[in-house]
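Novice: Quick check, what structure comes out for this input:
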Amino acid sequence: MKEYSKYEEPARILKALAHPTRLCIVAGLMSDSCNVNKMKECLNLPQSTVSQQLAILRNQGIVDGMRHGTEVIYKVANDKVKEIVKVLLEDEEILFK
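Specialist: From the prediction side, this is the model:
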């Protein structure tokens, strides 16, 4: 029987990206780092919803936030994720412009 542990990280990443809002957030952060307020405006979602989705992405090591004063600026923290999203959305327009 083959060792399947090497598939755990890719499966975890794919599971986290499997939600449309999270995929949209990651795609947007690939073009520009930004804060929750900018994301909520672009996504037309409540801040609480965006924050919940960001928490999942942070917990999975997909995005990272850096505090600047009172706000947190998010960016994609995993290069594998960037490649996956590029393949999935190669013909799509990036949202957070």
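
Novice: Please name the nearest non-neighbouring residue to the residue nearest the centre of the chain.
Specialist: Centroid-nearest residue in the chain, with C-alpha atoms, centre = their mean: V26, separated by 2.9 Å. Closest residue to V26 in three dimensions, ignoring its sequence neighbours and counting by C-beta to C-beta, 6 or more residues apart in numbering: V85, at 5.5 Å. No exception for glycine: its C-beta is placed from N, CA and C like everyone else's.

Novice: my guess is the one you found contacts I25, does it?
Specialist: No: in this structure, V85 is not within contact of I25 by C-beta atoms under 8 Å, at 10.3 Å.

Novice: coming back round to it: tell me how many other residues surround the residue nearest to V26.
Specialist: V85 has 21 neighbouring residues, counting by other C-beta atoms under 10 Å.

Novice: ok, it - contacts?
Specialist: 17, 23, 26-27, 30 (C-beta atoms under 8 Å, 6 or more residues apart in numbering).

Novice: who wins for most neighbours among those?
Specialist: Ranked by the number of neighbours (other C-beta under 10 Å), the contacts of V85 place V26 first, at 25 neighbours.

Novice: quick check: mean pLDDT across stretch 39-56?
Specialist: In this model, stretch 39-56 has a mean pLDDT of 93.

Novice: Buried residues of that stretch, list them for me.
Specialist: 39-40, 42-43, 45, 50, 53-54, 56 (16 or more other C-beta atoms under 10 Å).

Novice: ok, now stretch 11-23?
Specialist: For stretch 11-23, using 16+ other C-beta under 10 Å, the buried residues are 13, 16-17, 21-23.

Novice: What are the buried residues along stretch 60-72?
Specialist: 60, 62-65, 72.

Novice: So E9, which state does it fall into?
Specialist: What DSSP: H, G, I helix; E, B strand; the rest coil gives for E9 is helix.
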